[in-house]
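1. A predicted structure for the sequence below; I have some questions about it.
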Amino acid sequence: MSDIQNKKTTTIIRSRWAEWVYVNLPFVCYLALLAVIYIFNSHASERSLRKMNALEKEVKDYRWQYMNLKQELMYGSTQSQLTDNLKELELLPLGSMPKKLIIKDEDK
């Protein structure tokens, strides 16, 4: 084949390709729109996954703080810790049981 025939063949192939794209332009635009929507959807889902992971870390941190405070409260409310804390204030624990007050109802 000569150079001129090669150029004609590639020109014909290119013109057929361009003609096919031009004829099917609405379909090509539709495919391009679908591709853009797909890309946007994947980016949005990745963004929401990152946000969910950040919120999970925050919830774990708050849960750890809650458990730590709960443990400190339980430890601080034991009888031995209460007596140690009250000694600093010069308060002593009761030596006897508290007395129960009974009020007699006069209406009966």
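-> Looks like it arrived, so ask away. Numbering: from 1, shown residues only.

2. contacts and neighbour counts: CA atoms only from here.
-> Fine.

3. what helix or strand is the closest residue in space to Gly76 that isn't next to it in sequence on?
-> Distances taken as Cα to Cα, 6 or more residues apart in numbering put Leu82 closest to Gly76, at 6.8 Å, once the chain neighbours are dropped. Under the criterion of DSSP states H and E, Leu82 resides in helix 79-88.

4. buried stuff in that helix?
-> Thr83 (16 or more other Cα atoms under 10 Å).

5. residues making contact with that helix?
-> Helix 79-88 has contacts (Cα atoms under 8 Å, 6 or more residues apart in numbering) with 75-76, 92-93.

6. sorry, back to before: any idea how far Val21 is from the residue nearest to Gly76?
-> Noted for Leu82: a distance of 85 Å to Val21, by Cα to Cα, to the nearest Å.

7. what's around Lys99, how many residues?
-> Here the number of neighbours of Lys99 (other Cα atoms under 10 Å) works out to 6.

8. do Lys60 as well
-> Neighbour count of Lys60, defined by other Cα under 10 Å: 12.

9. quick one: the strand or helix carrying it to helix 79-88, angle?
-> Using DSSP H and E, Lys60 sits in helix 25-76. Angle of helix 25-76 versus helix 79-88, following axes from the mean of the first three to the mean of the last three Cα atoms, to 10 degrees, is 70 degrees.

10. what mean pLDDT does helix 25-76 get?
-> The average of the pLDDT scores along helix 25-76 is 96.

11. how far is it from where the chain is centred?
-> Averaging C-alpha positions (Cα atoms, centre = their mean, to the nearest Å) puts helix 25-76 4 Å from its chain's average.

12. same question, stretch 101-108
-> The chain centre lies 60 Å from the centre of stretch 101-108; the measure is Cα atoms, centre = their mean.

13. mean confidence for that stretch?
-> For stretch 101-108, mean pLDDT rounds to 79.

14. what comes up buried for that stretch?
-> By neighbour count with 16+ other Cα under 10 Å, stretch 101-108 contains no buried residues.
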